[in-house]
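Asker: Provide a 3D model corresponding to the input given below.
(one chain, ligands or ions: 1)
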Amino acid sequence: MASLTPIYQSQSILSKPHIKIPLSQASLLPTSLTNPNFGSTFLPRRCSVQFQTPTGIAKMPMKAVIVSATTAEKPKKRYPGEAKGFVEEMRFVAMKLHTRDQDKEGEKEVKEPQEVPVAKWEPTVDGYLRFLVDSKLIYDTLEGIVEKAPFSSYAEFRNTGLERSVKLAKDLEWFKEQGYTIPEPSSPGVTYAQYLKELSEKDSQAFLCHFYNIYFAHTAGGRMIGKKVAEKILNKKELEFYKWDGDLSQLLQSVREKLNKVAKSWTREEKDHCLEETEKSFKFSGEILHLILS
Ligand code: HEM
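Answerer: Sure thing, here's the model as predicted:
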């Protein structure tokens, strides 16, 4: 990769024969050098070029300049959020997959029933129970996977404080006490759990995309949904699913840091592969959300 150190930052160009001049700084070069037809055959053998630097005039043999200017690469492409860390990249992709109503950063058109504004939802207790049962299956699966850690990097994500399985078990117990029959997991949950299990064993980048989206979505839109649904059908009962032990923003920050650390060792291709999985995460989770309206 070519060094993009701006020429004015280098103390002595002459003492650094490896320095390459990026094409974006071609204006620093004599105009004749920026002409693609320009060739070394037009140059006197011992010709040199001068640059103004903060420490004075620097001279460089013309031949070196030509080689550098032609081999320099384009400025490195930045990925949205990249400067803040990989979680910010994942967040950026996820937010675009929201509808405009779900979040102001959203760009997706409303196509599915669960994508209409939550305020307009007409949830049922039976549907909500199906959603909670399938959600529990997903959290049981995720928490079992990080416990087993088929990839050693998953071990970082044990006991983060974001776990939801035990909380959901308590909520289902509460529904039982209210006289409701707890259903068996349904197809959206069973399908997603199976997918996660298989993925976790062969593709850690894609798996961690789901891990991030599931836990973080629940603390954002998920909480908002829980509040609205409770207002409509549970007499505002606040479920354990929406309560965390400790400071939630600190728990999230700590998981962000762990994800950023794991992703640091990934290549750009592996990072892109992880980001590409976001759409699937929305699809599977959307089908589980849909249960609330079933
Ligand atoms: C009705 C459905 C949904 C609603 C209303 C909703 C709404 C929201 C809102 C309001 C935020 C907060 C934005 C912010 O921090 O400024 C958010 C964040 C987020 N949502 Fe959703 N969302 C929904 C579905 C989903 C789904 C299905 C997924 C993926 C599985 C998802 C993934 C995320 C993620 C990863 C964040 C970022 C959280 C963070 O930065 O802490 N959301 N969502």
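Asker: For this protein, what lies in contact range of the ligand?
Answerer: Residues of the chain lying close to the ligand by C-beta under 6 Å from any ligand atom are 91, 94, 98, 102-103, 114, 118, 213, 216-217, 220-221, 224-225, 252, 281-282, 285-286, 289. From N, CA and C alone the C-beta is placed, and that goes for glycine too.
Asker: Please spell out the ChimeraX selection for the buried subset of these.
Answerer: Here is the ChimeraX command that selects the buried residues among the residues of the chain next to the ligand (16 or more other C-beta atoms under 10 Å):
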select :91,94,98,102,114,118,213,216,217,220,221,225,252,281,282,285,286,289
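Asker: Among the residues of the chain next to the ligand, name the ones in strands.
Answerer: Among the residues of the chain next to the ligand, no residue falls in strands (DSSP state E).
Asker: Keep only those of the residues of the chain next to the ligand that are in helices.
Answerer: 91, 94, 213, 216-217, 224-225, 252, 281-282, 285-286, 289 (DSSP state H).
Asker: Reformat the residues you listed into CSV and put distance to residue 234 and pLDDT next to each item.
Answerer: Shown next, in CSV, are those (distance: C-beta to C-beta, whole Å; pLDDT from 0 to 100):
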residue, distance to residue 234, pLDDT
91, 30, 97
94, 28, 98
213, 26, 98
216, 24, 98
217, 21, 98
224, 15, 97
225, 12, 97
252, 26, 98
281, 27, 98
282, 26, 98
285, 21, 98
286, 22, 97
289, 17, 97
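Asker: Quick check: the farthest pair among those residues?
Answerer: Using C-beta to C-beta, those reach their maximum pairwise distance at 252 and 286, which is 22.0 Å.
Asker: how near is residue 252 to residue 236?
Answerer: For residue 252, the distance to residue 236 equals 25 Å [C-beta to C-beta, to the nearest Å].
Asker: hmm, back to that, among the ones in helices among the residues of the chain next to the ligand, which one lies nearest to residue 199?
Answerer: Nearest to residue 199 out of these is residue 281 (C-beta to C-beta; 10.5 Å).
Asker: Leaving out sequence neighbours, find the closest residue to the closest one.
Answerer: residue 213 (4.1 Å; C-beta to C-beta, 6 or more residues apart in numbering).
Asker: got the contact list for the helix or strand that contains residue 194?
Answerer: In the assignment (DSSP states H and E), residue 194 maps to helix 187-202. For helix 187-202, the surrounding residues in contact (C-beta atoms under 8 Å, 6 or more residues apart in numbering) are 133-135, 137-138, 140-142, 145, 150-151, 154, 185, 206-207, 210, 284-285, 287-288, 290-291.
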